[in-house]
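1. Sequence and predicted model, in that order:
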Number of protein chains: 2
Amino acid sequence: MNKTYLLTPGPTPVPPEVLLAMAEPIIHHRSPAFRAIFRECREGLKRLFQTEQEVLIFVASGTGAMEAAVANIIAPGDRALVIEAGKFGERWTELCQAYGAAVERILPGWGHMCPAADVAAKLKADPGIRAVFCQANETSTGVCAPLKELGEVCRNSGALLVVDAVSALGAMDIPTDRWGIDILVSGSQKALMLPPGLAFASVSPKAWKVVEQLNRPSYYFSLTKTLKAAQKDQGPYTSAVTLMYGLRAVLRMMADDGLETIFARHRKLSAATKAAVLALGLTLYAKDNPSDCLTAVEAPANIDAQDIVAKLRDGHGITIAGGQAQLKGKIFRISHMGYISGSDILLTVAALEQVLRDLGHSVQLGQGVAAAQAVLSQP
Amino acid sequence: MNKTYLLTPGPTPVPPEVLLAMAEPIIHHRSPAFRAIFRECREGLKRLFQTEQEVLIFVASGTGAMEAAVANIIAPGDRALVIEAGKFGERWTELCQAYGAAVERILPGWGHMCPAADVAAKLKADPGIRAVFCQANETSTGVCAPLKELGEVCRNSGALLVVDAVSALGAMDIPTDRWGIDILVSGSQKALMLPPGLAFASVSPKAWKVVEQLNRPSYYFSLTKTLKAAQKDQGPYTSAVTLMYGLRAVLRMMADDGLETIFARHRKLSAATKAAVLALGLTLYAKDNPSDCLTAVEAPANIDAQDIVAKLRDGHGITIAGGQAQLKGKIFRISHMGYISGSDILLTVAALEQVLRDLGHSVQLGQGVAAAQAVLSQP
């Protein structure tokens, strides 16, 4: 017996009933039966994105939807403003540069976030900036962007607000239309509790105007082609039939729970995890706007974070994530997105206590668990 | 009870044991356990592609791998030669144009194919042509390209040979290296018996030289990024974990059968289907090089092919495909790719006989079945 637990910030565990839904026999992607599934997913995604606009579905990992956003609104020579607060912010920069944009970057430093006023100042200095790119939750650091305020800033400018919510959608409250987010992209393998393979993008009327005006020669990631097909309840190319079975299943589960309940659960799991690591004498990596999606923790000075990750995996069957790029060995990351319960957090904290002690960090066993329990037992 | 049968040229049925393999719990895409799966898939794909080169894996439908081929070897202004013999040939043209190529097209007419000599003449007239694009099996018409001869033509020229084998790979013998195919692209949802969502591309040393020399700013579909990650047994972004479980399972099944057995099965199923429709007084749509992947059939003059498709589906639970674009209503297409047995063909032919009779076509019940049986019972 080798029982395992997955607490990485993507992919995340898929509920067994959803795995079984995806084991249903394949049907044709242009059949009436499949179009009914597609239609239900369209409606469910609109509720999840909190938008009246169409939510486009791509067969791709989340980066595919990020590329779709850039490819359709950036022409060579356009100016783009990127809040680059971690590895996924860097991805926006790389994508914008790949499509010929002149990129201006705001660099708050990893673990930090800039205020929306910094973006307002940049847009004032250069009103020709085509779009502002940011992460709702920067998964590499566990820091959130001030989306509501950024929406206010961009709404009164010519710039589009493009948000990577690959990990945040379905974990945190992001009212797309109300906050004026022009393109919100997400993926299947995080808070949506699905395997990797689907990516999503909502597009505001303001963004559609830019898409139509630029008419970029995008093909696989063309927003226009994808919209036209969606209006007939299908994809422009072959849809990922089994993942769509799964999407329908999770959208039904999430509708049963209700968004408010889901967001409250993430808040509580996040607070419990953060209370636990603080009780163990550890330090949160996120200095500004810590995320409810995951908890990024600094390893004690004399311990390699990769050792913590490896010992949790090999000794306890628990997979968490280490740090990416320059944070490798410095931090570890515990996800509480999607199909994660309070008990999952408690067993992870318990194992973490043992691992830290084994690695020579002074820990009183049960202290982190108790701190998490105290939060979880609140009404 | 509503038992159904899927005989469309993609997606195709997935074996139940593969569906269950994909219902295994999710693991992290950078974990040692997943890298072992990735490594096994790399090796299996090389055998399937009959190549010594790396076979790159994309999270995308087949069109994504087609875009990867074009995006990495076409610079604006390059000349491209497309054998446009159907809807998927048109897709090569559209993709090449989206990336700024000046496209010269050979138009053999739908249902037909040009000889390789036509391509040789074009390459002689314009030795600067960057690449020749074709379909191993043009799924819209059921016609094959003369790949071996095209390989000989291109090998002695500066042009790359780029082949869409989305539906042909795993159904027909395509020795990639031996025939000198520079880029061979394929997808998961046809002869590979998987759900849609994975796409593949092999790249020859001659093609890698062009990729490196051009250094196009491709991102999600970058061949270079994908190769670098594959050499560490992972994808550049989040791999489609469940589909990779399935890929490992089908590659094992195909290795057990052996490629020769698999190709012979497709040849026999194809011959049986073609014999059956001819015995029913129908006409094959493919006038040149009919494919072993699917059988495209002209509907009788006074019958709408879409009615045949609808009656098979609604009356018999059998899903086949109609014609695409200008062939809609004119032809229907029966697939015999992947997880299809002789019995599947017999039941489909039997139902087709009944449907044709119901629609007023003179049919002697059992005549098509008998013709198929005669082929299937040959040693």
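-> In hand now; what should we look at?

2. okay, now A:Glu149: neighbour count?
-> Around A:Glu149 there are 15 other residues, counting by other C-beta atoms under 10 Å in any protein chain shown. Any C-beta I mention is one placed from the backbone N, CA and C, and that applies to glycine too.

3. Figure out the helix or strand that it lives in.
-> helix A:147-155 (DSSP states H and E).

4. Give me the next element, helix or strand, following that helix.
-> Counting by DSSP H and E, the element that comes right after helix A:147-155 along the chain is strand A:160-164.

5. Next, the angle strand A:160-164 makes with the helix holding A:Glu149.
-> 150 degrees (axes from the mean of the first three to the mean of the last three C-alpha atoms, to 10 degrees).

6. Name the residues of helix A:147-155 that are buried.
-> A:147, A:150-151, A:153-154 (16 or more other C-beta atoms under 10 Å in any protein chain shown).

7. pLDDT of it, averaged?
-> The pLDDT scores in helix A:147-155 average 98.

8. Put the alpha carbons of it into CSV.
-> Output of helix A:147-155 as CSV, limited to C-alpha atoms (Å, rounded to 0.1, in the frame of the first residue of the first chain):
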residue,chain,number,x,y,z
LEU,A,147,-7.5,43.2,-9.5
LYS,A,148,-10.4,45.4,-8.5
GLU,A,149,-8.2,48.5,-8.4
LEU,A,150,-6.4,47.6,-11.6
GLY,A,151,-9.9,47.2,-13.2
GLU,A,152,-10.7,50.8,-12.1
VAL,A,153,-7.5,52.1,-13.5
CYS,A,154,-7.8,50.4,-16.9
ARG,A,155,-11.5,51.0,-17.3
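
9. In terms of secondary structure, what does it contact?
-> Secondary-structure packing of helix A:147-155 (3 or more C-beta pairs under 8 Å, 6 or more residues apart in numbering or on different chains; DSSP states H and E): helix A:116-125, strand A:131-135, strand A:160-164, helix A:176-179.

10. Mind doing that once more with 6 Å?
-> helix A:116-125, strand A:160-164, helix A:176-179 (3 or more C-beta pairs under 6 Å, 6 or more residues apart in numbering or on different chains; DSSP states H and E).

11. and which of the buried residues of helix A:147-155 is nearest to chain B?
-> For those, the minimum distance to chain B (C-beta to the nearest C-beta) is 23.0 Å, reached by A:Leu147.

12. so how far is A:Thr93 from that closest one?
-> 19 Å (C-beta to C-beta, to the nearest Å).

13. Repeat that for A:Ala255.
-> 36 Å.

14. which regions of chain A sit below the pLDDT cut-off?
-> Of all residues in chain A, none has pLDDT under 70.

15. and it, which of its residues are near chain B?
-> Contacts of chain A with chain B, taken as C-beta under 6 Å from any C-beta of the partner chain, map to A:8, A:11, A:13-14, A:19-20, A:23, A:26, A:28, A:59-61, A:63-64, A:67, A:95, A:98, A:189, A:195-197, A:217, A:219-220, A:237-238, A:240-242, A:319.

16. PyMOL command for the buried members of these?
-> Listed next is the PyMOL selection for buried residues among the residues of chain A next to chain B, using 16+ other C-beta under 10 Å:
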select buried, chain A and resi 8+11+13+14+19+20+23+26+28+59+60+61+63+64+67+95+98+189+195+196+197+219+220+237+238+240+241+242+319
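
17. Among the residues of chain A next to chain B, name the ones in strands.
-> A:59, A:319 (DSSP state E).

18. For the stretch 251-379 of chain A, just list every one of the helices.
-> A:259-279, A:305-316, A:342-358, A:367-376 (DSSP state H, counting those that start in this stretch).

19. and those helices as JSON lines, adding mean neighbour count?
-> As requested, those are arranged in JSON lines below (neighbours: other C-beta atoms under 10 Å in any protein chain shown):
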{"stretch": "helix A:259-279", "mean neighbour count": "20"}
{"stretch": "helix A:305-316", "mean neighbour count": "18"}
{"stretch": "helix A:342-358", "mean neighbour count": "19"}
{"stretch": "helix A:367-376", "mean neighbour count": "19"}
